[in-house]
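> Following is a predicted model, sequence given first.
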Amino acid sequence: MDRPAPFALLKALPALLLLVAGSASAAGWNMEALVGTASPTRWWDPRTNWSVHAMYEFDQMVLVGPGIGYEGATAKPAGMADAKLQVRLPVGRQLLPYLAAEAGAALRPHVEDTWFLWRTGGGLDLKLGDRSCLLVEGGRAALSRWYARAGLLLDI
């Protein structure tokens with residue numbers, strides 16, 4: 001049985017992320033991994049989600065890149081493929097606030113079950129060392145939900 005086109009894309013993205021991570025020419029690239037929860041805005045019903053992004057660092061304050069993950073916060077959990085923009089605000093040295101926006105697709109086995117996915121929010125970026133940061137973020141997401149996540153940003 002052939003899988004629909006969205007799953008071929010989802011299957012190819014981990015290989016792309018590993019290629020970027022292992023590339024000798026990966027200067028300016030970072031890997032971001034986040035784990036968290038999302039829940040409808042009207043009641044507390046947390047569901048797990050995770051994502052991994054290959055983030056290109058334009059300068060010290062702006063990062064953008066593709067990612068994959070799992071979205072379990074709806075009645076029909078789905079894989080996801082998206083792009084993320086993260087802008088650090090020039091306040092502080094060790095602890096930097098940032099704004100984040102993501103847009104992409106939540107992918108299900110049948111194309112008609114696929115939906116547009118977006119997140120907007122912000123967070124805190126705690127510098128752990130020269131090449132690593134601890135991230136904590138939260139905000140609003142598609143389908144009238146809020147989310148909270150924590151993870152690491154590693155310089156490759």
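Sure thing, it's come through.
> in what helix or strand does the most centrally placed residue in the chain lie?
The chain has Ser51 as the residue nearest its centroid, 4.6 Å off, counting by CA atoms, centre = their mean. Assigned by DSSP states H and E, Ser51 belongs to strand 47-57.
> Next secondary structure after that strand?
strand 62-71.
> count of neighbours near the nearest residue to Leu135 once chain neighbours are set aside?
Take Leu135 and drop its neighbours on the chain: the residue closest to it by CB to CB, 6 or more residues apart in numbering is Gly151, 5.2 Å away. The C-beta positions use only the backbone N, C-alpha and C, and glycine is treated the same way. Applying other CB atoms under 10 Å, we find 20 residues neighbouring Gly151.
> Buried residues, the helix or strand harbouring Gly151. List them.
Assignment of secondary structure by DSSP H and E places Gly151 within strand 145-155. With burial defined by 16 or more other CB atoms under 10 Å, the residues of strand 145-155 counted as buried are Arg145, Trp146, Tyr147, Ala148, Arg149, Ala150, Gly151, Leu153, Leu154, Asp155.
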